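# Provide a 3D model corresponding to the input given below.
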Amino acid sequence: MRLFSLFFLLPGTFLLLSACNKTESDLRADSFPDELVSKGREVYLIHCAACHGPNGEGQNPAAPLRRDETGRYPAPPHNENGHTWHHDDDLLIRIITEGGMGDTKNFYEMPAFGDKLGNEDIQAIITFIKTLWSDEQRESQRKVTEAARSQQP
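Below you'll find the predicted structure:
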């Protein structure tokens, strides 16, 4: 029985545990599936780029925190210069699905896309956006997502 445990159960347990943890190489931009990134870029360009820029640079890349003539902040960047990576995946999904949750006096209202985009499209957009971040930002965002999900009931 010890030999069985040593040769079959122990390696199986190791494989199962290692499959559950993202490694550093899993979080590199080139580690995301090409088809998912391509689909995400395509959907992003159609639905997001008009406000957030084709490369995630935001409406006013030179001054993303400067209010415009209406007194509102521009659409934020999604690339590594923005703050999107500070938010967990579930919040990003909710914002895309339900629209912006900011106050319209200070921010432009982001429209809801839940009636236009399916879950796969939304996940693809988020995956594409993650390719615009540094490895360190992706790792930080992964930890934020894990922490948020660990507190859900």
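# which SSE is the closest residue to Phe128 other than its chain neighbours in?
In space, Phe128 comes closest to Gly40 once its chain neighbours are excluded; the distance is 2.9 Å by Cβ to Cβ, 6 or more residues apart in numbering. C-beta coordinates here come from the backbone N, C-alpha and C atoms, glycine included. Applying DSSP states H and E as the criterion places Gly40 in helix 34-47.
# Count residues in the vicinity of the residue nearest to Phe128, would you?
Gly40 has 24 neighbouring residues, counting by other Cβ atoms under 10 Å.
# Kindly provide the distance from it to Ala63.
Distance of Gly40 to Ala63, given as Cβ to Cβ, to the nearest Å: 27 Å.
# for Gln152, same thing?
36 Å.
# Who has more neighbours out of those two?
Comparing Gln152 with Ala63 by other Cβ under 10 Å, the one with more neighbours is Ala63, at 12 against 6.
# State the phi and psi torsions of that one.
The phi/psi pair for Ala63 (degrees, to the nearest 10) reads phi -150, psi 70.
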